[in-house]
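Quick one, what's the 3D model for this:
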Amino acid sequence: MAISCSTAKKRRRRTTDRSRVLLLALVFSLSSHLDAATSRQFIFETAPFASAHASSIVELKNGDLLAAWFGGSAEGKPDVAIWSARYHDGRWSEPRVLVREHEIACYNPVLFYTRDGRLWLYYKFGPSPREWTAGRAWSDDDGQTWSATEHLPAGLYGPIRTKPLVLADGTVVSGTSVESYHSWACWIERSTDNGRSWHRIGPITVPHRDGIIQPSVIELAPNHLRLYARSTRNIGHICMADSFDAGLTWSSARPLDVPNPNSGIDVVKLKDGRIVLAYNDSPDQRTPLNLALSRDGEHFQKFATLESGPGEFSYPSLIESRSGDLLLTYTWKRRRIAFARIPSEEIPR
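Residues are numbered from 1 along each chain as shown. You can find the predicted model right below:
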């Protein structure tokens, strides 16, 4: 039977499409074997604290890096303070205390710049996440010196664990959350004056399901923002919600087809539009720690394993450097903070 020219073209197109799909699958299969831990280094080998957790990383104006985390005898103990170290000429400095509250634990530092060039540190302090208060300090010399700490009014937290999104016009869209007894919810705190004042939006929840916390926010397109959130183990998946008015209003959240073992995540949108997710690819363990890539912000494909052994590898903080490399800090077995650099050429295209 003769085949029409249009039918033959359609068949060739389907064959080409299948080939592209198979090639993409092969690329991701090979990429998933990248062991980013080969580029991992510890920010400190020894320190005057036994436990470390919940880091944040920022690239400074001169290209140095600054990392912060909370460290002490154990999470929630009164000796836990906010510590930091600076990366210069390929080496991390000795850890030093940025903030210590009087006889009460500190948690979850977040470092970021506002459009006016000010470097901010937000953190929490209190006996537990259900009872904590937010504090902040700022630096106008890229972290060489810091202001006195300021305690925020009750109910205002700033970025709860991951960096906020700073829009082109300077608007800060900060993902935050509240962990009440048997009730978790995400919120957005939005600032149009470089973080001096905030407007609180929410709550953002998954209807008829358990709670979500610690959202990470990116901009998919002008005015279209998306947040990704940690969930309870009853949900067991990363959840997302959308805003189509630059963060003023938000949809309800819904689960993605990406597992989450009730552990922190982070997301970054690269300059070319690709979206990278750092997460634990497990429904119930904080190992392994992985990176995944998406083009549409909804469907993710794992492409690298940062850590895969027993223990806890969690709470990633993820940024894109000016050179296009991925920079990442994360908790390593609650004893150290690890740093990894993933060159831009190792990120699948």
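
what about the strands in the stretch 151-300 of the chain?
In the stretch 151-300 of the chain, the strands defined using DSSP state E, counting those that start in this stretch lie at 165-166, 172-180, 183-191, 199-204, 212-221, 224-231, 237-243, 254-259, 266-269, 275-280, 289-294.

list the helices and strands the fifth one packs on?
The reference is to strand 212-221. strand 165-166, strand 172-180, strand 183-191, strand 224-231, strand 266-269 (3 or more CB pairs under 8 Å, 6 or more residues apart in numbering; DSSP states H and E). Just so you know, the C-beta spots here come from the backbone N, C-alpha and C atoms, and that holds for glycine as well.

any chance of those in CSV, plus mean neighbour count?
Output for these, formatted as CSV (neighbours: other CB atoms under 10 Å):
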stretch, mean neighbour count
strand 165-166, 22
strand 172-180, 22
strand 183-191, 22
strand 224-231, 25
strand 266-269, 22
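
Of the ones you listed, which is nearest Glu101?
strand 172-180 (19.0 Å; CB to CB).

For that closest one, what does the pLDDT average out to?
Confidence for strand 172-180, expressed as mean pLDDT, is 97.

Neighbouring strands of it in the sheet, and parallel or not?
strand 165-166 (antiparallel), strand 183-191 (antiparallel) (DSSP bridges).

How far does the first one sit from its chain's centre?
The chain centroid and the centroid of strand 165-166 are separated by 12 Å, computed with CA atoms, centre = their mean, to the nearest Å.

Also stretch 62-71?
That offset, for stretch 62-71, works out to 15 Å (CA atoms, centre = their mean).

Asn108 is nearest to which of the helices and strands packed on strand 212-221?
Of these, nearest to Asn108 by CB to CB is strand 172-180, at 10.5 Å.

Tell me what angle that closest one forms with strand 212-221.
Here strand 172-180 runs at an angle of 160 degrees relative to strand 212-221 (axes from the mean of the first three to the mean of the last three CA atoms, to 10 degrees).

about what we covered before: okay if I get the helices and strands packed on strand 212-221 as CSV plus distance to Asn260?
Formatted as CSV, the helices and strands packed on strand 212-221 follow (distance: least, CB to CB, whole Å):
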stretch, distance to Asn260
strand 165-166, 20
strand 172-180, 14
strand 183-191, 13
strand 224-231, 5
strand 266-269, 12
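
Nearest to Tyr123, out of these?
Nearest to Tyr123, of the helices and strands packed on strand 212-221 and by CB to CB, is strand 172-180 at 12.8 Å.

Can you name the residues that contact the nearest residue to Arg334 once chain neighbours are set aside?
Nearest non-adjacent residue to Arg334, counting by CB to CB, 6 or more residues apart in numbering: Ser51, 5.2 Å away. Contact analysis of Ser51 by CB atoms under 8 Å, 6 or more residues apart in numbering lists Gly71, Gly72, Ser73, Ala74, Glu75, Val80, Arg334, Arg335.

Go again with 10 Å.
For Ser51, the contacting residues are 70-75, 77, 80, 331, 333-336, by CB atoms under 10 Å, 6 or more residues apart in numbering.

got it, and Leu256?
228-229, 231, 237-240, 277, 294, 297-300.

In PyMOL, how would I select the buried members of the residues you listed?
Filtering the contacts of Leu256 down to the buried ones (16 or more other CB atoms under 10 Å) takes a single PyMOL command:
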select buried, resi 228+229+231+238+239+240+277+294+297+300
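
Closest to Arg322 out of the contacts of Leu256?
Nearest to Arg322 among these, counting by CB to CB, is Leu277 at 21.2 Å.

on that earlier part again, adding distance to Ser282, write the strands paired with strand 172-180 out as a markdown table.
Output for the strands paired with strand 172-180, formatted as a markdown table (distance: least, CB to CB, whole Å):
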| stretch | distance to Ser282 |
| --- | --- |
| strand 165-166 | 27 |
| strand 183-191 | 20 |
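
so which of these gets nearest Gly158?
Closest among the strands paired with strand 172-180, once you apply CB to CB, is strand 183-191, at 6.3 Å.

Any chance of the strands paired with strand 172-180 in JSON lines with mean pLDDT as columns?
Shown next, in JSON lines, are the strands paired with strand 172-180 (pLDDT from 0 to 100):
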{"stretch": "strand 165-166", "mean pLDDT": "98"}
{"stretch": "strand 183-191", "mean pLDDT": "97"}
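
who wins for proximity to Pro127 among those?
strand 183-191 (18.0 Å).

pull the CA atoms of stretch 185-199 into PDB?
Taking Å, rounded to 0.1, in the frame of the first residue of the first chain, the C-alpha atoms of stretch 185-199 are listed here in PDB:
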ATOM      1  CA  ALA A 185       0.900  26.100  57.300                       C
ATOM      2  CA  CYS A 186       3.000  28.200  54.900                       C
ATOM      3  CA  TRP A 187       2.800  31.900  54.600                       C
ATOM      4  CA  ILE A 188       4.300  34.600  52.500                       C
ATOM      5  CA  GLU A 189       5.800  37.700  53.900                       C
ATOM      6  CA  ARG A 190       6.200  40.400  51.200                       C
ATOM      7  CA  SER A 191       8.300  43.600  51.500                       C
ATOM      8  CA  THR A 192       8.500  46.500  49.000                       C
ATOM      9  CA  ASP A 193      10.900  48.600  51.100                       C
ATOM     10  CA  ASN A 194      14.000  46.300  51.200                       C
ATOM     11  CA  GLY A 195      12.900  44.300  54.200                       C
ATOM     12  CA  ARG A 196      12.200  47.200  56.500                       C
ATOM     13  CA  SER A 197       8.500  46.300  56.800                       C
ATOM     14  CA  TRP A 198       6.400  43.300  55.800                       C
ATOM     15  CA  HIS A 199       2.900  42.400  54.600                       C
END
